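Chemist: I'll drop the sequence and a predicted model, then ask my questions.
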Amino acid sequence: MAKAMIAGLVNTHQIEVLGKDMVKLRALNDAFGGKLSLGLLQEGVDVTGKTLLLCVKPHALGAVSSYVQGEAHGLISVLAGTSLKALQEAFTCKHLIRAMPNLAAAHGASMTLLTGDNDFRETSEAILKSIGKTHWLGTEKEFDIAMALTGSGPAFLALVAEALCDGVVREGLKREDATFLARGLFEGFAPLLQANHPALIKEAVMSPGGVTAAGLGALEDCKARSAFMLAIKKTYEKTLK
Ligand SMILES: NC(=O)C1=CN([C@@H]2O[C@H](COP(=O)(O)OP(=O)(O)OC[C@H]3O[C@@H](n4cnc5c(N)ncnc54)[C@H](O)[C@@H]3O)[C@@H](O)[C@H]2O)C=CC1
Ligand SMILES: O=C(O)[C@@H]1CCC=N1
């Protein structure tokens, strides 16, 4: 996630990357043409007046915060399931934001959620727009629910793509043809979804008594819709633990 954010920001912002391993940091800097400043994350790192992008796994929050000192200007955290309250207890900063990008950030196409301090909304939106689109949510509850859709969504859609491919392979299609076709399907589906409500797309394809109706009937028999709703529920509930 950090690498994707750096790629989006490197040409417009001064970026200092703090990490544990100087060899890895140098390799990262080489990948970005030497445009980064590097620093070791060690006791006493002064972050006064800086805007921090926190991109470690949630369990590393305590370790990272124990190293830094001073009052940061802003802190933008991408840590899943880590509340504003927990961040506030760990860091001293003027403005606090939670952000939830997704894996498409690696292609500049993230759908990133934001919530937190309204006074830092514009700045955080400008920063996160470097990796795709942003959407501000007024409460942490909405943010945590929406995360199940956009943060985890690439994994759910990957499962759909994989399952559809498995289906045609089971019927006899070659795997490479299936994969090529699924990529084309998803590419074409993106603009369709931008222009139409999903229910209308389904209705447009579902001819009376036709082949798609037979397939959709099987999905309803298998409770596919209910399975996806349960997946969202479980993802959201896990966020709260
Ligand atoms: N992978 C995803 O699709 C998404 C991930 N996130 C969030 O992004 C965060 C990072 O996830 P990834 O980039 O996938 O993980 P990652 O494992 O690729 O990157 C984490 C980085 O943190 C460094 N690190 C670990 N412990 C550290 C410590 N104590 N001090 C300094 N650096 C430390 C690691 O060396 C590594 O470079 C997580 O909190 C996750 O919840 C958010 C949205 C989507
Ligand atoms: O599953 C996770 O914990 C992270 C957060 C959202 C996507 N991946």
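Modeler: Cool, got the structure. Ligands and ions are numbered 1, 2, ... in the order given.

Chemist: okay, CA-based contacts and neighbour counts for the rest of this
Modeler: Noted.

Chemist: what residues does the protein put near ligand 1?
Modeler: 1-2, 19-20, 55-58, 60, 63-64, 78-80, 100-103, 151 (Cα under 6 Å from any ligand atom).

Chemist: Neighbours of Ile97, how many?
Modeler: 22 (other Cα atoms under 10 Å).

Chemist: How about the secondary structure of it?
Modeler: Secondary structure, DSSP: H, G, I helix; E, B strand; the rest coil: Ile97 is strand.

Chemist: If I follow the layout properly, it ends up in contact with Leu114?
Modeler: Yes: the pair Ile97 / Leu114 is scored as a contact, 6.9 Å apart, by Cα atoms under 8 Å.

Chemist: now for the longest helix along the chain, which elements pack on it?
Modeler: In the chain, taking DSSP state H as the definition, the longest helix is helix 175-195. Counting contacts by 3 or more Cα pairs under 8 Å, 6 or more residues apart in numbering; DSSP states H and E, helix 175-195 is packed against helix 153-170.

Chemist: if we look at ligand 2, which of the residues of the chain next to ligand 1 are close to it?
Modeler: Here is what survives when those are matched to ligand 2 using Cα under 6 Å from any ligand atom: 80, 151.

Chemist: Buried among the residues of the chain next to ligand 1? Make that a PyMOL selection.
Modeler: Burial among the residues of the chain next to ligand 1 is assessed by 16 or more other Cα atoms under 10 Å; the matching PyMOL selection reads:
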select buried, resi 1+19+55+56+64+78+79+80+100+101+102+103+151
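
Chemist: Please, which helix or strand holds Glu203?
Modeler: Element membership for Glu203, per DSSP states H and E: helix 198-205.

Chemist: Can you give the contact residues for the helix or strand just after that helix?
Modeler: Counting by DSSP H and E, the element after helix 198-205 in chain order, helix or strand, is helix 211-221. Applying Cα atoms under 8 Å, 6 or more residues apart in numbering, the set of residues contacting helix 211-221 from outside is 205-207, 225.

Chemist: how about those, which pair is most distant?
Modeler: Ser207 and Arg225 (20.1 Å; Cα to Cα).

Chemist: the inter-axis angle of the helix holding Glu203 versus helix 175-195?
Modeler: In terms of direction (axes from the mean of the first three to the mean of the last three Cα atoms, to 10 degrees), helix 198-205 departs from helix 175-195 by 120 degrees.

Chemist: who touches helix 198-205?
Modeler: 192-193, 212.

Chemist: Find the residues that touch each one of Ile97 and Leu114.
Modeler: Here Ile97 and Leu114 have Ser124 as joint contacts, going by Cα under 8 Å, 6+ apart.

Chemist: For the residue nearest the centre of the chain, give me its contacts.
Modeler: Centrality entry for the chain: nearest residue to the mean C-alpha point is Asn102, 1.7 Å, by Cα atoms, centre = their mean. By Cα under 8 Å, 6+ apart, the contact list for Asn102 reads 110-112, 150-152, 154.

Chemist: what would these look like in TSV with pLDDT and secondary structure?
Modeler: What follows is the contacts of Asn102, written out as TSV (pLDDT from 0 to 100; DSSP: H, G, I helix; E, B strand; the rest coil):
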residue	pLDDT	secondary structure
Ser110	95	strand
Met111	97	strand
Thr112	97	strand
Thr150	97	helix
Gly151	96	coil
Ser152	97	coil
Pro154	97	helix
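
Chemist: Now which of those residues would you call buried?
Modeler: Among the contacts of Asn102, those that count as buried by neighbour count (16+ other Cα under 10 Å) are 110-112, 150-152.

Chemist: Sounds good, over and out.
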